[in-house]
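Novice: predicted model and sequence follow; I will ask about them next.
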Amino acid sequence: MQLTAPVASMPTLALPDHRFDPSDGLDVTEVAMLAVLNSPALKLKRDELGIARAQAFAAGLLPDPQLSFGEDFPGHTGAGTSIAYNLGISEDITALLTRSSRRAAARSQADQVNLDLLWAEWQSVAQARLLFDQVLTLRAQQARLTAEQAALAPLQPFIHAALRAGNLTYDSASAGLNAGADVRKRLADSTITLHQAETDLHFLLGLAPSAPLALVGTPYQASPTPQQAQQALADLPRRRPDLLALQAGYQSQESKLRAAVLAQFPALSVGFTTARDTSNVTTHGFSIGITLPLFDRNRGNIAIEKATRQQLKDDYEARVLDTRSNMQQLVADLATLTRQRAALADHAQQLDAARRAAEAAWQQRLLDWPTYLAIRSNALTADLDLLDLQQQQATQAIALEALLGNTDLATAHPVSVKAATP
């Protein structure tokens, strides 16, 4: 399968100079590009946008006039009799009066769907970066565990030979036997997790399950400072697509409410008629139809539109509050993870040095094998913990960046949404 990505049509990624070339593998930017263009979920979102635009087009169309025609045939013919007819044309005036409100509501609704699509694209970019980092981390873990398994393999024959010769009890050999079993279990668990991550990435990119995932380069680096987070948070209502979508939805609801209020007045239709009776007398006139607002008066629809408008307002305020809370937590978590990573990196480096020294001493028969295995196990655990911590830190940083809105993505999908916060 040949993959192509028209970068010029990708406003979500402000990277027009980045060349998409999967022949040398996919880097993190190319993975994000492919996710935006080929994600099945985003394709459905774009279909929804097409429907919303069609609805906006339909809302702006003028209502068709109604034409009526009828004939009456006299029961007997005689002097001065003729076939009677009536011809009329009428127009629904109420539909004309509410047209501008319905049109404005549909346009704002299309803007909302467009912004929801942009927000989904942002989330897909973040998810692509997270999965890219997760797959690379799991592959690194597998490489470390495979190397550890290969290093422990020569030890197993000595243990089994000593057990058969009676020079070693199973109680004494448990450390050596468990070391190999523990590495095999970790490797199996890591393989299962890697399969899941690769499956998720295949689906996000819209690729066949058997398509190769040749990932190259380094993971996405994101490290927003607390000052940058605060600045982004201040601009959030004017920049983040989901909040702008709620603002557009609020405007749409305002227009729907206005149309519902207008519709509570008597429905009016006006027409013109021409007719001829059976005595061959021709008449011309007009007709007016009016609905008497005695019971309904469109009160139910008005109440529904008011309640929906209030729901949008509350949803907007709750989302802003939730974003502020999550931002504070992520910033604090990132600071903690940064300190923890530095300490764990030093610790892992020291244990790796101890492991190399223990390996040399073991080969020279200067170290007993239980101590040797304990040192190796501690070094392996520290290395794997460091990889997990690095991925956790990257996950939190990408989540914070997506939460606040990447400034590189802020110019995507321009829409005419007024700055009227609900």
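Specialist: Alright, I've got the coordinates.
Novice: chain center to the helix ranked longest in the chain: distance?
Specialist: In the chain, assigned by DSSP state H, the helix with the most residues is helix 299-363. On the basis of CA atoms, centre = their mean, to the nearest Å, helix 299-363 sits 17 Å off its chain's mean C-alpha point.
Novice: need the next SSE after it, C-terminal direction.
Specialist: helix 369-404 (DSSP states H and E).
Novice: summarise which helices and strands that following helix is packed against.
Specialist: With contacts defined as 3 or more CB pairs under 8 Å, 6 or more residues apart in numbering; DSSP states H and E, the packing partners of helix 369-404 are helix 99-152, helix 155-165, helix 170-205, helix 226-234, helix 299-363. Every residue, glycine included, has its C-beta placed from N, CA and C.
Novice: what pLDDT, on average, does the first one get?
Specialist: What helix 99-152 shows for mean pLDDT is 90.
Novice: the shortest one too?
Specialist: The pLDDT scores in helix 226-234 average 78.
Novice: and after that helix, which helix or strand comes next?
Specialist: helix 236-239.
Novice: which positions within that following helix qualify as buried?
Specialist: Burial within helix 236-239, assessed by neighbour count using 16 or more other CB atoms under 10 Å, is assigned to 236-237, 239.
Novice: can you give me how far that helix is from the chain middle?
Specialist: The chain centre lies 18 Å from the centre of helix 236-239; the measure is CA atoms, centre = their mean.
Novice: which strands or helices does it pack on?
Specialist: helix 241-262, helix 299-363.
Novice: go through those helices and pick out the most buried.
Specialist: Of all those, helix 241-262 has the most neighbours on average by mean count of other CB atoms under 10 Å, namely a mean of 22.
Novice: now what about the helix or strand that it is followed by, what contacts it?
Specialist: The helix or strand immediately downstream of helix 241-262 is strand 268-276, counting by DSSP H and E. Residues from elsewhere that reach strand 268-276, judged by CB atoms under 8 Å, 6 or more residues apart in numbering: 66, 82, 84-94, 282-291.
Novice: so which bits of strand 268-276 are buried?
Specialist: Buried, per 16+ other CB under 10 Å, within strand 268-276: 268-269, 271, 275-276.
Novice: what do you get for stretch 287-302?
Specialist: Of the residues in stretch 287-302, 298, 301-302 count as buried by neighbour count, 16+ other CB under 10 Å.
Novice: now the terminal residues of it, how far apart.
Specialist: End-to-end distance for stretch 287-302: 29 Å, by CA to CA, to the nearest Å.
Novice: quick check: which of the helices and strands packed on helix 369-404 is nearest to A259?
Specialist: helix 99-152 (3.7 Å; CB to CB).
Novice: neighbours around F20, how many?
Specialist: 18 (other CB atoms under 10 Å).
Novice: make sure it is indeed in a helix.
Specialist: No. Read with DSSP: H, G, I helix; E, B strand; the rest coil, F20 is coil and lies in no helix.
Novice: so it touches E30, yeah?
Specialist: Yes. Here F20 reaches E30: they are 5.5 Å apart, a contact under CB atoms under 8 Å.
Novice: check contacts around L344.
Specialist: Counting by CB under 8 Å, 6+ apart, L344 touches 382, 385-386, 389.
Novice: same list (the buried residues of helix 236-239) but as JSON lines, adding distance to Q156.
Specialist: Formatted as JSON lines, the buried residues of helix 236-239 follow (distance: CB to CB, whole Å):
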{"residue": "L236", "distance to Q156": "58"}
{"residue": "P237", "distance to Q156": "62"}
{"residue": "R239", "distance to Q156": "59"}
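Novice: the helices and strands packed on helix 369-404: which one's closest to E48?
Specialist: Checking these against E48 by CB to CB gives helix 99-152 as the closest, at 5.6 Å.
Novice: what distance separates the closest one from the centre of its chain?
Specialist: For helix 99-152 - counting by CA atoms, centre = their mean - the centre lies 6 Å from the chain centre.
Novice: i'd like the first residue to be 34 from this point on
Specialist: OK, 34 is where the count begins now, so the last one is helix 132-185.
Novice: helices or strands up against that helix?
Specialist: Against helix 132-185 (3+ CB pairs under 8 Å, 6+ apart) you get helix 61-71, helix 73-92, helix 203-238, helix 274-295, helix 402-437.
Novice: mean confidence score for the first one?
Specialist: In other words, helix 61-71. 89.
Novice: got a list of what the residue nearest the centre of the chain touches?
Specialist: With distances taken as CA atoms, centre = their mean, the chain has A153 as the residue nearest its mean C-alpha position (3.2 Å). With contacts taken as CB under 8 Å, 6+ apart, A153 has the following neighbours: 74-75, 78.
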